[in-house]
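Participant: This is a predicted model, with the sequence first.
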Amino acid sequence: MTVRVENVSKWALHHCSFELPAGSVTALVGANGAGKTTLLNILAGHLPADFGHVAVAGRVAFVPQDKPMYKGFTPLDVLKFGGHMNKVWDEYRAHSWLHRYRVPLKLRCGDLSGGQRAHVAFALALGSRPDVLLLDEPLAELDPLARRKVVRDLLAEVADTGMTLLYSTHVVAELGGVADRLLLLSDGKLLVDGDTDELLGEHLEIVGPAADEPPVAGEVVLARHQQRQSSFVVRCPESAVVEEPWTARPVTLEELVVAHLEAAA
Amino acid sequence: MKAMVWLTWRQHRWVLLSTAVLALIASSLLVAVDLTESPGRSVPLPAFYAVLLQTAFGAVIGMFWGAPLVAREFEERTHLVAWGQDVTPQRWLAGKVGVLAVFALVLAVLMGQGDGFRGYQDGASWALFEAHPLVQAGYVLLGLALGVLFGLLARHTLTAMAFTLAAYVGVRMLLALGWREHYLPAERAVAPVREAASVPKGAEIVASGYLGGDGEPMAVPDICARLSRPAACIAANGGTDSYVDYQPVERVFGFQVTEFLVCFLLALGLFVLAHERIRRGWRPSRTHRRLA
Amino acid sequence: MVEFRVDRASGLPAYLQLGRQVREAVRLGRLRPGDRLPTVRDVVATSGVNANTVLKAYRELELAGLVEARQGSGTYVKATLGTAAPEVLEELRGKFAKWVIEARAAGLEAEDIDALVRAVLSGGPDGA
C-alpha cells in the first residue's frame, strides 16, 4: 500500500478509510461539494485532518484544480524551480511533456492559455518523479481530444515509473480501462471503494414484473417500481443467475455511479 | 540554500531592485545635504523625502518585502506549488527570510549613513541616533519579521501591509519615546536649588526638577509652579537642590547596539512564531510520515 | 498485429474487451502462433488503457493457454483458435461475402443481415 487513509474527517468528510496499492490508478468520483478536493488536500499535506490518520509512502505531488502557477515565471523558469526545489528531478520527463503539448517555453505563465498552464503544472509534478501523484480534476478544462491524449500520456507515465495515481473527475463515461479503482464520495461519505473490473462484474441491472425484491440475493443499490415492472440495480456475486421472467444485463460504470449517487440522495 | 537564493531573486527581483535604487538615491542625499554652514536654510525637498524614507525604512521593507512574502502566495494559491516540493515549507520560509534579511541589511547600512541635514558625521550624537547603520539594521529586521508574520496570519497582502505599518509605527514609538532612555539608568547632575545644574555637552536630557531634603526628586508645589522663577518658592518649601537627569553622549553607541539587539530579538521572536505556525499548519508535503 | 480499442462506456470490463479482441484476431488469422503481442507500454501509449488492465488481459489469455509470456522478450501467441485451417476459413469467408452481396441485392440492410445471422446462430424459428 502506498496510500492509507484511516477514519479521516475534515469539514465535509466523514470518517473516510481506504487504501491504494502501489502503481494503481484510482478515480475519485462524486458530486460537487462531496469532499474530493478536501481529501486530496489532506493527502497532499496541505490540510491537517481534524480526525483520523493519513499515511503516504514516499513523495507526493499534487496539482490542484485551478493549476496555480507563478504568473511571472516562464515554463522554463518553472522547470528550473522544479530542479532547484526537489531532491529528485527528471528534467527530460518534464521537458518532453511541455514539448509534446507544444507549450511555448519562453512566454510568461500568466500569458498562457488555461490548458497550457495546466500542462506546465503537470510537467512540474511529473518532473519531480513522485511516488504518488494527486490530480484534482486534471481534465476539466481540456477538450475531448486533449483529454484522451492526456489520459493516455498519464497512464504511460504510470506504466514507466510505477507511481500511484489518484485523480478526481466528473467524466465517468471515460473511466473504463483507465482507472483500476473507483472511489465514490457523496456528502463526505465513501459510498464505493473497489476494483473497477470487480465492481462491473458485481453490479447487474435486473428488470422484471413488479416485485418488492429482486430475484437474487445481494445488496439492492437502487430500486425503481412502475405499475407492472420493477427494475433493480443489484450488487451481487458474479455467479448469480437470473431466471425468467427476469432479465439481467451488466451496467456501465456511469450507470453504476449514478445508481449509487441516486440512492444516496 | 542556492535554491532559495535563486527562487528569492527570481520572484522578488523587481521589488528588491527598486528598493535598492530608492535606498541608493536616498542615502546619497542623506550624506550630501549639509546645512550646518548655512543656518536658516531649510532642508531641500528631495532630502526631506530621503529623511522620511530613512525614518520609515523598516516599515517599507516590512510592507513591500515582508507582507507579500507569504500573503501573495496565498492570494495566488501558489503556496500549493511552493510548499508541494521537496524543500519543506519551513525551509522555504527560513531560506526566503534569510536571503531577504541579508539584502535588507545591506540596504540598511546604506540608509544609516547621514541624516540629510548635517551631511556625513563621524562622531556620535543623540540627534543622529537613528541615522546609524546598526540601528537601521535593527529596524529592517523588525519590519521584515512583522510583515512576514502578518502576511502569514492575514493571507491577504493589503491587510498584512496595513497591520505591518501600524505595528511597526507602534513599536518604533514605544522604542523612541518610551524604552530608549531607560536602556541604562540616567546620570544625574545636581546644583544648589537657585542654580541650574550643568550638563555635559551633547547629553540627552531625560528629566529635570528639584530634590527634597531626603535627596529624592520632589513634586513641585502648586503655588510654586505658577511662578516664573520658582526657585525661591521651592527652597521655601523644602527643596534643597535642582537636578537634571541625562544620558551622556558617550553612551550613544552603546544605546544604538542595545536598540539593535532589542529589534533583533523582537524580530527573531516574530520569525519563530511564523516558523512554528507554518510547521503546524503544513506537514512537509514530500516527506510524509512513512507507512509502518 | 492487433490494435486495441476499448469501449469505455461498455459494461464489459476493459480487460475482457482486450482479451476478446486478441481472441478475435487469432480466430480471424490476423494473429498467428509465434506472433508477438504489443508490449504493455505500447498498448498503454496507443489505446489509453491502464497498464494493469493490459497485464490482467494478458494474464487471463495466458491462463487460457492462448498466449505465453517469454521472460524478458514479451508475450507471444501460442495456440490457434477454431478448428478450421486458414485455407478453409478463407474459403468460407469468400462464400459468405458472396452471400452478403446477394442479400444486399435483395434489399437487405446491414442490420437485417445481422439479425438474420443471429437468428440462424441461435437456432430460432427461421434457422436450422
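Facilitator: Thanks, I have it. Only a predicted model underlies this, so the values are computations on that prediction, with no experimental measurement involved.
Participant: Give me the nearest residue to residue 50, chain neighbours excluded.
Facilitator: Chain wasn't specified; assuming chain A. Leaving aside its sequence neighbours, A:D50 sits nearest to A:K10 (CB to CB, 6 or more residues apart in numbering or on different chains; 4.9 Å). The C-beta positions use only the backbone N, C-alpha and C, and glycine is treated the same way.
Participant: wrong one, I was asking about chain C
Facilitator: A:V25 (5.1 Å).
Participant: ok so, going back, give the contact list for the residue nearest to A:D50.
Facilitator: A:T38, A:I42, A:L47, A:P48, A:A49, A:D50, A:F51 (CB atoms under 8 Å, 6 or more residues apart in numbering or on different chains).
Participant: From the residues you listed, list the buried ones, please.
Facilitator: A:T38, A:I42, A:L47, A:A49 (16 or more other CB atoms under 10 Å in any protein chain shown).
Participant: Out of those, flag the one nearest to A:A210.
Facilitator: Proximity of the buried ones among the contacts of A:K10 to A:A210 (CB to CB) peaks at A:T38, which lies at 42.1 Å.
Participant: Contacts only, for the closest one.
Facilitator: With CB under 8 Å, 6+ apart, A:T38 has these contacts: A:K10, A:W11, A:A12, A:L13, A:L47.
Participant: Repeat that for B:Q11.
Facilitator: Contacts of B:Q11 (CB under 8 Å, 6+ apart): A:Y70, A:G72.
Participant: Kindly export the top helix by length along chain C (C-alpha atoms) in CSV.
Facilitator: Ranked by number of residues, the top helix in chain C under DSSP state H is helix C:86-105. C-alpha atoms of helix C:86-105 as CSV (Å, rounded to 0.1, in the frame of the first residue of the first chain):
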residue,chain,number,x,y,z
PRO,C,86,-6.7,-20.9,-42.6
GLU,C,87,-7.4,-22.1,-46.1
VAL,C,88,-10.8,-23.4,-45.1
LEU,C,89,-11.5,-20.2,-43.2
GLU,C,90,-10.6,-18.2,-46.3
GLU,C,91,-12.9,-20.3,-48.5
LEU,C,92,-15.8,-19.8,-46.0
ARG,C,93,-15.2,-16.1,-45.9
GLY,C,94,-15.4,-15.9,-49.7
LYS,C,95,-18.7,-17.8,-49.7
PHE,C,96,-20.1,-15.6,-47.1
ALA,C,97,-19.0,-12.5,-48.9
LYS,C,98,-20.8,-13.7,-52.0
TRP,C,99,-23.9,-14.4,-49.9
VAL,C,100,-23.8,-10.9,-48.5
ILE,C,101,-23.7,-9.4,-52.0
GLU,C,102,-26.8,-11.5,-52.8
ALA,C,103,-28.5,-10.3,-49.6
ARG,C,104,-27.8,-6.7,-50.4
ALA,C,105,-29.1,-7.2,-53.9
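Participant: C-alpha coordinates for the helix or strand just after that helix, CSV please?
Facilitator: Counting by DSSP states H and E, the next helix or strand C-terminal to helix C:86-105 is helix C:110-121. Provided in CSV are the C-alpha atoms of helix C:110-121 (Å, rounded to 0.1, in the frame of the first residue of the first chain):
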residue,chain,number,x,y,z
ALA,C,110,-26.6,-4.4,-42.7
GLU,C,111,-28.9,-4.5,-39.7
ASP,C,112,-31.2,-7.0,-41.4
ILE,C,113,-28.3,-9.2,-42.3
ASP,C,114,-27.1,-9.0,-38.7
ALA,C,115,-30.5,-10.1,-37.4
LEU,C,116,-30.6,-12.9,-39.8
VAL,C,117,-27.2,-14.2,-38.9
ARG,C,118,-28.0,-14.0,-35.2
ALA,C,119,-31.3,-15.8,-35.7
VAL,C,120,-29.6,-18.6,-37.6
LEU,C,121,-26.9,-18.9,-35.0
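Participant: tell me which element A:G52 is part of?
Facilitator: strand A:51-56.
Participant: actually B:V21, not the one I typed
Facilitator: Going by DSSP H and E, B:V21 is part of helix B:2-32.
Participant: and that helix, which residues are buried?
Facilitator: B:3-4, B:6-8, B:11-12, B:16, B:19, B:22-23, B:26-27, B:29-31.
Participant: got the residues of chain C near chain A?
Facilitator: Chain C comes close to chain A at residues C:6-17, C:40-41, C:44-53, C:56, as judged by CB under 8 Å from any CB of the partner chain.
Participant: Distance check, the closest residue to A:H14 other than its chain neighbours against C:G48.
Facilitator: In space, and not counting its chain neighbours, A:H14 is closest to A:G188: 4.5 Å by CB to CB, 6+ apart. With distances taken as CB to CB, to the nearest Å, A:G188 is found 31 Å from C:G48.
Participant: Those two - which one has more neighbours?
Facilitator: Using other CB atoms under 10 Å in any protein chain shown, the more surrounded residue of A:G188 and C:G48 is C:G48, with 23 against 20.
Participant: Figure out how far stretch A:202-213 is from the centre of its chain.
Facilitator: 29 Å (CA atoms, centre = their mean, to the nearest Å).
Participant: On the three-state scheme, B:L266 is what?
Facilitator: helix (DSSP: H, G, I helix; E, B strand; the rest coil).
Participant: Reduced to three states, what does B:V244 come out as?
Facilitator: strand.
Participant: Just give me the neighbour total for it.
Facilitator: 20.
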